[in-house]
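Q: okay, here's the prediction I keep looking at, along with the sequence it came from:
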There are 2 protein chains.
Amino acid sequence: MEPHIVDDVSAFKLAFRRHAAGVAAVTGRTPDGVPVGFTATSLASLAAVPPLATFNMARISTAWPAIEGTSHVLIHLLGARNRALAERLAGAHDERFAGDHWSPGPHDLPLLAGVPAWMLGRIVERVPVAENAVVVVQIEDGGLGTDDEALLYYERSYLTPGAPADA
Amino acid sequence: MEPHIVDDVSAFKLAFRRHAAGVAAVTGRTPDGVPVGFTATSLASLAAVPPLATFNMARISTAWPAIEGTSHVLIHLLGARNRALAERLAGAHDERFAGDHWSPGPHDLPLLAGVPAWMLGRIVERVPVAENAVVVVQIEDGGLGTDDEALLYYERSYLTPGAPADA
C-alpha cells in the first residue's frame, strides 16, 4: 500500500486516474436562449424514487450562467458510437452546437441525436462548494434511442466496457 | 429516439442501466467505533484544487448514522481484483468487516487491503435531498497500491474496461 502520498492534490489526481467513469452530456440554454452543453463524467444516481441524479461542475465554466439561470437541463447518457459527440461537447465552445447533431427537445432544450438514453432534469439544488457546484436534478421525463455499449472515460481515453472481472 | 418514456421512474431506471460507473468503497466508524462501509458507484470528482469529491447515499441506509457522525471517511477506488471486496461491502452487514481484508488506517478508519488507491476525505458538506444525501469530501491524504485495471459496474455486472470506442 505504498508509496504514501503526502500531497493531497497529487493523491487525488493519481487516485482518480485509476477510476473509470461513464460519460454523459448535459445541455441547457442561457437566459438569452443560446444553447450550451458539456461532457460530464460526474453523473451519478442519487435515488430511484423519486428519481434524482447529481452532476458536478466548475462555477467558473462557460456553462455555469446557463445552469444557474435555467429550471431544467437535458442529460444524455452517451454510448460508444457517441465518442465524437463527447469530444465535440468538450471542445471549442463556438462549435459545440454548430451542426445537425441536435434539435430542440423538451422545454426547447438541445436534444442530442443518436444517444442511447436521455432524461429531462428539473434542477432542485445547486450546492456551491469552493468555486464549484453540485447540481441535483429530479428526472421528469426521458427517452431511449437505439441501444449501444456504454461510453467510458478511463486513463484519459474513451473506451467501451470489456470482460467480466474475475469473481 | 423512441419509445418515449412517460413514467419518470421507468425513464430513470432504463436510462441509468445504459450508464457505466467505476466502483468505490467508502468506510467509516460509528460514534461507538464500529466499522461501517459500503460499495458506491456514485463517486465523482468535484475539483482538483482544492481536491474535492462527492458520493451519494440513502439516509435510511445502515451506514448513514456513521457518515452523519464522523469527520472523515476513507474512499477506496477498486480494481478488477477487488470484485469480491466490492461484493462483500454490498452484502450482509455483519460480514462486511469479518476477516483480515482491512486494518486500521488514518484516523483509525478501516483501510481496505489490496486496492489500487485510497483517499482520506474530510466531510465538508452533507446535503439532504428527500431521503438521501450528497456527501462532499475534501481529500487530505491518500496512497497507491499495486496498479490494476479499474472495476466497473454496468448492466448489473462487474466488468473491466475494454476496447477503445471508435473515433
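A: Perfect, I can see it now. For clarity, every value in this text was computed on a predicted model and none was experimentally measured. Numbering: from 1, shown residues only, chains lettered A, B, ... in the order given.
Q: poorly predicted segments of chain A, please.
A: Within chain A, the segments meeting pLDDT under 70 span A:1-6.
Q: just the element for the nearest residue to residue A:61 once chain neighbours are set aside, please.
A: Of all residues not flanking residue A:61 in the chain, residue A:38 sits nearest, at 7.1 Å (CB to CB, 6 or more residues apart in numbering or on different chains). All C-beta spots, glycine's among them, are computed from the backbone N, C-alpha and C. Element membership for residue A:38, per DSSP states H and E: strand A:35-40.
Q: how about the contacts made by residue A:78?
A: A:22-25, A:39, A:85-86, A:115-116, A:150-151 (CB atoms under 8 Å, 6 or more residues apart in numbering or on different chains).
Q: which two from the residues you listed end up farthest apart in space?
A: Spatial extent of the contacts of residue A:78 (CB to CB) is set by the pair A:39 and A:116 at 15.1 Å.
Q: so the two - more neighbours on which side?
A: Each of residue A:39 and residue A:116 has its neighbours counted (other CB atoms under 10 Å in any protein chain shown); residue A:116 has more, 24 against 21.
Q: test my guess that that one contacts residue A:145.
A: Yes: shown here, residue A:116 and residue A:145 form a contact pair, counting by CB atoms under 8 Å, at 5.4 Å.
Q: can you name the next helix or strand after whichever strand or helix holds residue A:140?
A: Assigning secondary structure by DSSP H and E places residue A:140 in strand A:132-144. Under the assignment DSSP H and E, the closest C-terminal helix or strand after strand A:132-144 is strand A:152-154.
Q: for the next helix or strand after that next one, list the C-alpha coordinates in CSV.
A: Tracing the chain past strand A:152-154, the next element assigned as helix or strand by DSSP H and E is strand A:157-164. What follows is strand A:157-164, C-alpha atoms only, in CSV (Å, rounded to 0.1, in the frame of the first residue of the first chain):
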residue,chain,number,x,y,z
SER,A,157,-9.2,7.6,-23.1
TYR,A,158,-12.7,6.8,-24.4
LEU,A,159,-13.4,3.1,-24.0
THR,A,160,-16.1,0.5,-24.1
PRO,A,161,-16.9,-2.0,-21.3
GLY,A,162,-14.8,-5.1,-21.5
ALA,A,163,-14.6,-8.6,-19.9
PRO,A,164,-16.1,-9.6,-16.6
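Q: one step back: the residue nearest to residue A:61 contacts residue A:23, correct?
A: No: judged on CB under 8 Å, residue A:38 makes no contact with residue A:23 at a distance of 11.2 Å.
Q: no further questions, thank you.
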